[in-house]
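[1] A structural model of the following input is requested.
(chains A and B)
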Amino acid sequence: AQSVTQPDIHITVSEGASLELRCNYSYGATPYLFWYVQSPGQGLQLLLKYFSGDTLVQGIKGFEAEFKRSQSSFNLRKPSVHWSDAAEYFCAAYAGNMLTFGGGTRLMVKP
Amino acid sequence: NAGVTQTPKFQVLKTGQSMTLQCAQDMNHEYMSWYRQDPGMGLRLIHYSVGAGITDQGEVPNGYNVSRSTTEDFPLRLLSAAPSQTSVYFCASSYRSEEKLFFGSGTQLSVL
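    Predicted coordinates for the structure are as follows:
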């Protein structure tokens, strides 16, 4: 079955520290890949997406993600986290008219 | 533009009651979808539509019906509410199915 896995349910980082959120997918062929962010009480906002080509993708708010086919991974990174980045982050994969989300990673930022 | 509008924002039902969650978009998007969000499970796709008159099932369609009579509207019907349907429901739309989704603000549903 097709699935998206985010191994870390919660992550806490200090403000100014670097961040990496993990995402693995299980699909027969490489799906389109996305990262979305959800602030408390809000809907989801797209951070970035990967369809093909360059495996390092730049997104909004200083985020980037790297696609690694050999590891079936699409990890999200940010060099320096700001307090406003505290939110829940969702990895998602698209195939066959369906976008499937991972379980999410809640990011907390320490001052 | 209003974007994706969901109503109501909150709803409490008794087991066995029926109701319709409304979703409308004014962006002329062909693709619309309904998700439910439960803690630790991310968002799970209930139903989707690739255009007026066309709907299909997602990952968790049981207990829910949809229709798409116009491009703008995509209502979600709960036929006989159950406590397991307590969740936050999101409607989303995009120009094409593989493109960026625009989300509504959600409906928090409690079934007692």
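
[2] For B:Trp34, what is the enclosing helix or strand?
    strand B:31-38 (DSSP states H and E).

[3] Which elements pack onto that strand?
    Under the contact definition 3 or more Cβ pairs under 8 Å, 6 or more residues apart in numbering or on different chains; DSSP states H and E, strand B:31-38 sits against strand B:19-25, strand B:42-51, strand B:87-94. Glycine gets a C-beta too; all of them are placed from N, C-alpha and C.

[4] for those, which one sits closest to chain A?
    Closest approach to chain A among those is made by strand B:42-51 (4.0 Å; Cβ to the nearest Cβ).

[5] rewinding a little: tell me which residues are up against the strand holding B:Trp34.
    A:97, A:99, A:101, B:21, B:23, B:25, B:43-51, B:58, B:60, B:64, B:66, B:68, B:74, B:76, B:85, B:87-97, B:99, B:101, B:106 (Cβ atoms under 8 Å, 6 or more residues apart in numbering or on different chains).

[6] Drop anything exposed from those.
    Those of these that meet the buried threshold are A:97, A:99, A:101, B:21, B:23, B:25, B:43-50, B:58, B:60, B:64, B:66, B:68, B:74, B:76, B:85, B:87, B:89-94, B:97, B:99, B:101, B:106, by 16 or more other Cβ atoms under 10 Å in any protein chain shown.

[7] I'd like to know which elements the helix or strand harbouring A:Phe74 is packed against.
    Secondary structure from DSSP H and E places A:Phe74 in strand A:73-78. Helices and strands touching strand A:73-78, by 3+ Cβ pairs under 8 Å, 6+ apart, are strand A:19-21, strand A:24-26, strand A:32-38, strand A:44-50, strand A:64-68, strand A:87-95.
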